[in-house]
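1. predicted model and sequence below, questions to follow.
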Amino acid sequence: MQPIIYDVAVSTDGFIAGPGGDISQFAFDGPVVEDYQARLANYTTAIMGRSTYEFGYGFGMQPGQNPYPNMQTIVFSDTLEVPENSDVTAAKTVDECHINRLKQEAKGPIYLCGGGAFAGSLLRLGMIDRLVLKRAPCIYGGGVKLFGDFAAPIRLTREHTKTYSNGYVLDEFAVEVSDN
């Protein structure tokens, strides 16, 4: 069974995007981005929510286009319509059976690239195995929360930390799912 890894940039105050989808405070080049791109090469499947997928439209991506051509990409949304013969798959529901089947069928690690509400729903189901945070040296003060509105205690085990000269800190955690 392949792990789902939430690999995401986050502000020091816990936002994956600032107000209005602002990501201007996150690094776009340098060692932290190079390391991220190296990790992307190991993922075989990308999963995301609708807002994260449609965020790409602002950068020229077209409906149905795969933002990660080297990966099978699945967008979870009960309202997203993609053109016939799209390079992405639209899945209507997020349920434990569907996610477990995806974890069993994937050929390698699964990249959860966002967004916050979608990540929160997967965390609620106990489906996130690893958390890779690229903590940026900035504060947004609002925006898209790391796990949306999910609010419950989750235990993490830190497995690796790396600091960068630009102030970023990379933290990798195993997510411990309790049976409470």
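-> Okay, I see it. Everything quoted here is computed from the prediction, not taken from an experiment.

2. where does the prediction get shaky in this protein?
-> 177-180 (pLDDT under 70).

3. before we move on, which element is the residue most central in space within the chain in?
-> Geometric centre of the chain, nearest residue: Cys113, 2.2 Å, by C-alpha atoms, centre = their mean. If you go by DSSP states H and E, Cys113 is part of strand 110-114.

4. His160 now?
-> Assigned by DSSP H and E, His160 falls in strand 155-163.

5. now do Leu133
-> Using DSSP H and E, the element containing Leu133 is strand 130-136.

6. elements contacting that strand?
-> In terms of contacts (3 or more C-beta pairs under 8 Å, 6 or more residues apart in numbering; DSSP states H and E), strand 130-136 is packed against strand 4-11, helix 31-40, strand 169-176. For glycine as for every other residue, the C-beta is placed from the backbone atoms N, C-alpha and C.

7. what's the spacing between the first one and its chain's center?
-> Going back to what we said before, that points to strand 4-11. 5 Å (C-alpha atoms, centre = their mean, to the nearest Å).

8. then it to CSV, C-alphas only?
-> The C-alpha coordinates for strand 4-11 follow below in CSV (Å, rounded to 0.1, in the frame of the first residue of the first chain):
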residue,chain,number,x,y,z
ILE,A,4,-0.2,9.6,0.9
ILE,A,5,2.3,12.4,1.5
TYR,A,6,1.1,16.0,2.1
ASP,A,7,4.1,17.9,0.7
VAL,A,8,3.3,21.6,1.0
ALA,A,9,4.7,25.1,1.6
VAL,A,10,3.3,26.7,4.7
SER,A,11,3.7,30.1,6.3
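
9. helix 31-40 and that one, what's the angle between them?
-> Comparing the axes of strand 4-11 and helix 31-40 via axes from the mean of the first three to the mean of the last three C-alpha atoms, to 10 degrees yields an angle of 170 degrees.

10. what's next to strand 4-11, contact-wise?
-> 16, 18, 23, 25-27, 36, 39, 43, 47, 99, 103, 109-114, 119, 122, 127-136, 138-140, 143, 146 (C-beta atoms under 8 Å, 6 or more residues apart in numbering).
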